[in-house]
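sequence and computational prediction follow.
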Amino acid sequence: MPQPNHIEAAPGDVLLLTGTMKGAFILRSDKQRRQWEVGGPYFPGRAIYALAYDDRNGRSRLWAAVNSSYWGSYLSSSDDFGKTWTEPETYGVKFPEEADSSVKQIWQIAMGHPEEPDTMYCGVEPAALFKSTDAGESWSLVKGLYDHPHRSQWMPGGGGLCLHTILPDPSNNQRLFIAISTGGVYRTDDGGATWQPRNQGVRAQFLPEDQRFPEWGQCVHKIVSHHSNPQRLFLQNHWGLYKTENGGDSWTDMAHGVPSDFGFAMEIDPNNADSVYIIPLESDEFRCTPEGKLRIYRSQNAGESWQALENGLPQENALETVLRDGMSADNLQPTGIYFGTRSGKLFGSADAGESWTAIEESLPPVVCVKTAIVN
């Protein structure tokens, strides 16, 4: 196994937590974000689909979902920026014995509501939600979602039946949004006891024409929101771009002037509630950037119009694919935007997408990019 390089992180540094099909990498830069130091690979040979940074309650803790087709999926954490990682004797994220499921893969790690500094969530395959109230020491299945009457009718998408997005409402500690492929968006208003589908106006392209707007069963690829306006969410569907202004009660189409409304990745600008980014792909059959041009599309008016951002990105023979967790933003001024491709390239912008540089060009296939600012 390759011996990993390690980074030395200081308060104020920017971290790029990068998960690949062959391990995790931690990249570090200062606030200028011009040069990057690379740590890793950690967990070499393992697929790392989820990474997170927990800076609450004085912690500086990294989390990684370590996936193996043979051993299953488990969580590992590091309090020294990757120099050492926990090796659990038993897997904490697991279904109770009476459940008819076993965890195939952990797809998402998310921190809880702002006033719950020890709460965490995990989304897994087959689609289920787990919760920890002790900073990841122990985990329990959210039974209200697992016992939902729709669950038996959720069908796996191309990547499996995965709960891949978790959005706590920062203004309401009883409200949480989740997205399932293929199940759709669900919302709880009572802390997870009950869940309601929130998909009105979102089409399921793969269904017969007279059934394309079901109550649930959409193949949602990503949802994002901004902390200052949690009633507004943006949604990238398996065909379709949507926006809601009422907490998911209804959605409207916002695919105006983009080369394709198919894609996976979507990100909100932490400094601007009206600014959202997407990376369109040609189609569900040809999941590469349209016309061989690597372009990020940004809307600065909440989806009313879109602008192609391509300065510094390859515009010839750039048949790239970016997956649902492959794009992330930091909250510095100006905003930093980063994304990784299935061909192992990692790109970054330190000016909200106006210009781009290649940070790394020879990583294993990138499946997850997350950002953090060291406290």
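Looks like it arrived, so ask away. Numbering: from 1, shown residues only.

can you map out the helices along the stretch 1-150 of the chain?
143-146 (DSSP state H, counting those that start in this stretch).

could you measure from Y53 over to F95?
Per CB to CB, to the nearest Å, Y53 is found 27 Å from F95. All C-beta spots, glycine's among them, are computed from the backbone N, C-alpha and C.

same deal with H227?
For H227 relative to F95 (CB to CB), the value is 32 Å.

likewise S138?
14 Å.

who's more crowded, those two?
Using other CB atoms under 10 Å as the criterion, S138 and F95 rank with F95 on top: 16 against 11.

which residues sit in contact with that one?
Counting by CB atoms under 8 Å, 6 or more residues apart in numbering, F95 touches S101, S102, V103, A128, L141.

what about these, which are in strands?
Judged by DSSP state E, the contacts of F95 include A128, L141 as members of strands.

biggest separation within the contacts of F95, which pair?
Pairwise distances across the contacts of F95 (CB to CB) peak at 12.0 Å, for the pair S102 and L141.

the more surrounded of those two?
L141 (19 against 12).

correct me if wrong: that one contacts E98.
No: using CB atoms under 8 Å, L141 is not in contact with E98; the gap is 10.3 Å.

next, give phi and psi for E209.
Phi and psi for E209, reported as degrees, to the nearest 10, are phi -60, psi -40.

distance of it relative to G82?
50 Å.

give me the more crowded residue out of these two.
Comparing E209 with G82 by other CB under 10 Å, the one with more neighbours is G82, at 23 against 7.

quick one, what contacts the more buried one?
P4, H6, I7, A24, I26, G39, G40, Y42, L62.

mind doing that once more with 10 Å?
4-7, 9, 15, 17, 24-26, 39-42, 62, 64 (CB atoms under 10 Å, 6 or more residues apart in numbering).

with W216 instead?
148, 150, 153-154, 180, 182-186, 196-199, 202, 204.

where do the contact lists of S102 and L141 overlap?
K94, F95, V124.

burial count for the last one?
By the criterion of other CB under 10 Å, V124 has 27 neighbours.

same thing with the first one?
Neighbourhood size, K94 [other CB under 10 Å]: 18.

tell me the spacing between the nearest residue to it once chain neighbours are set aside and Y49.
Leaving aside its chain neighbours, K94 sits nearest to V103 (5.7 Å; criterion: CB to CB, 6 or more residues apart in numbering). According to CB to CB, V103 stands 13 Å off from Y49.

comparing these two, which residue is more hemmed in?
Comparing V103 with Y49 by other CB under 10 Å, the one with more neighbours is Y49, at 27 against 19.

pretty sure that one sits against G19.
Yes: assessed by CB atoms under 10 Å, Y49 is found in contact with G19 at 5.9 Å.

between those two, which contacts overlap?
A64, A65, V66, N67, D325, V367, C368.

just checking, which of those comes out lowest on pLDDT?
On pLDDT alone, N67 ranks lowest of the shared contacts of Y49 and G19, at 86.

was I right to think it contacts K22?
No: judged on CB under 10 Å, N67 makes no contact with K22 at a distance of 11.4 Å.

identify the contacts common to those two.
F43, R46, A47, I48.

so how many other residues sit close to the first one?
In other words, F43. 22.

can you report phi and psi for it?
Dihedral angles of F43 (phi, psi; degrees, to the nearest 10) stand at phi 60, psi 50.

now the contacts of F95 as TSV including distance to S77?
Below are these laid out as TSV (distance: CB to CB, whole Å):
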residue	distance to S77
S101	24
S102	22
V103	17
A128	21
L141	20
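
between the contacts of F95, which sits nearest I359?
Taking those together and measuring to I359 by CB to CB, the closest member is V103, at 32.2 Å.

the closest one contacts Y91, doesn't it?
Yes: using CB under 10 Å, V103 is in contact with Y91, at 7.3 Å.

which residues do these two both contact?
Common neighbours of V103 and Y91 (CB under 10 Å, 6+ apart) are G72, S73, Y74.
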